[in-house]
Structure formats: structure tokens, C-alpha cells
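Student: next input, structure requested:
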Amino acid sequence: MAEFVCDHCGKCCRSLGRYIGIERQLSERDYYCKNTLSGEVFPVHVAPEFAEEIDEDFSCSGPGSHDGCIFLRRNPKGPGHVCAIHATRPRLCREFRCYHMVIFDATGVPVGRMVGRADIQTADPVLARVWDEEVKPLPCPASPAGDPAWVERVRAILAAHGYRAESVNGGNR
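Tutor: Predicted structure coming up:
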């Protein structure tokens, strides 16, 4: 199984973040939030380095005025974005994976990733052709990555062309 490694692009937080709303502020660093999809209410604790800017954004903006999740912040230590509530983020965020499978070439080098329901990100033209011609036409279950039979069929197709596919585990987020 391949390890999920977050590249801190922030795309998940900009899309899923629309469904995370702050219900009320408890203290400078503590909030009650709600997942508007599931109705789940959960407490969050903001990392100290982001407390002041989250408090200011929350005080100055109304619901839906923030592009994505209010807790998404630029990474102060490097490129990309980070979550200001990472340690206490909700289940929706903990379980989300932006890719579900890593595809390796014959030498073991990663050359593609399955994203979304059953799309692929790759610069390998042969892999792209195999995916488009042989994988895309397969009947696609509602959750392909969670369907062991579909995953095994895809692995067999890719193996016939010299590729190896590994599903992604919980990994580093």
C-alpha cells in the first residue's frame, strides 16, 4: 500500500472547507464548528501561531464570506498551505484523500496518481493511453477506490502494460 503524502496545495480545504462553519467562538483559540453536510458538531483548537488572524477573520466576516475553510493558512515555514486546526480537524478532513492510487513504472518510479472518482494525473503518455482506452471504459462504481474488485481489475490492466498500482493508505496529512 502506498503512503498518502499531502503536498499542501490547499485544494481540499478550498473545496471541502465550504462545508465547515464556525458555530461559535469559545476562547481566543477554541471554536465549535459544524460540518454542514453531516450535521456533525465538533470542537477545534487553533494553533498558537494562527490564533490572532483566525480571530480577526472570524470577527470581521460573516458565514460564507471566506474562500474555502477559514482555517486554511499560508505555510509560514515554507511553500503551500497548512491547517490552523490540524491537530483537532474534523473527521471529514482526516479521512479525505485527493488521490487514491499511485501508479509506478517497471523501475518503481511513481508515474501517475488516480484522482477523483477514476481520473488520472500523469505525464506518462503510455500510461495516459492505457488509462483512457482500458480503465476509463470499465463500469465505474460509486467509490472505485473502495471497490476491491474494481481496484484488482485496474491493477491487472496496468500490470499487463508493465505498471504497478498501489492503493493509498491513511498516511501523512
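Student: of all the residues in the helix ranked longest in the chain, which ones are buried?
Tutor: Taking DSSP state H as the criterion, the chain has its longest helix at helix 148-159. Applying a neighbour-count criterion of 16 or more other CB atoms under 10 Å, one finds W150, V151, R153, V154, R155, I157, L158 buried in helix 148-159. All C-beta spots, glycine's among them, are computed from the backbone N, C-alpha and C.
Student: per-residue pLDDT, the nearest residue to the fifth one once chain neighbours are set aside?
Tutor: Spatially, and ignoring its direct neighbours in sequence, R155 is nearest to A165 (4.8 Å; CB to CB, 6 or more residues apart in numbering). At A165, the model reports a pLDDT of 94.
Student: which element is A165 on?
Tutor: Applying DSSP states H and E as the criterion places A165 in strand 164-167.
Student: contacts for that strand next, please.
Tutor: Identification of contacts with strand 164-167 by CB atoms under 8 Å, 6 or more residues apart in numbering yields 1-2, 100-104, 108, 114, 145, 151, 154-155, 158-159.
Student: quick one: the helices in this protein?
Tutor: 11-16, 51-60, 91-95, 125-130, 148-159.
Student: quick one: which of the buried residues of helix 148-159 is nearest E56?
Tutor: Distance to E56, by CB to CB, is smallest for V151 among those, at 45.4 Å.
Student: that closest one reaches A145, doesn't it?
Tutor: Yes - using CB atoms under 8 Å, V151 makes contact with A145 at a distance of 6.9 Å.
Student: now do the shared contacts for the two.
Tutor: What both V151 and A145 touch, as defined by CB under 8 Å, 6+ apart, is the set M101, S167.
Student: remind me which residues of this structure are low pLDDT?
Tutor: Residue ranges of the chain with pLDDT under 70: 1, 61-66, 170-173.
Student: and with 90 instead?
Tutor: For the chain, applying pLDDT under 90 flags the ranges 1-22, 35-38, 52-70, 75-80, 90-100, 115-119, 139-148, 167-173.
Student: what's the spacing between the residue nearest to R155 and H100?
Tutor: Taking CB to CB, to the nearest Å as the measure, A165 falls 10 Å from H100.
Student: go on, K136?
Tutor: Look at K136 and H100: by CB to CB, they are 15 Å apart.
Student: one more: E53?
Tutor: Remark: distance between E53 and H100 (CB to CB) = 33 Å.
Student: the two: which is more packed in?
Tutor: Using other CB atoms under 10 Å, the more surrounded residue of E53 and H100 is H100, with 20 against 13.
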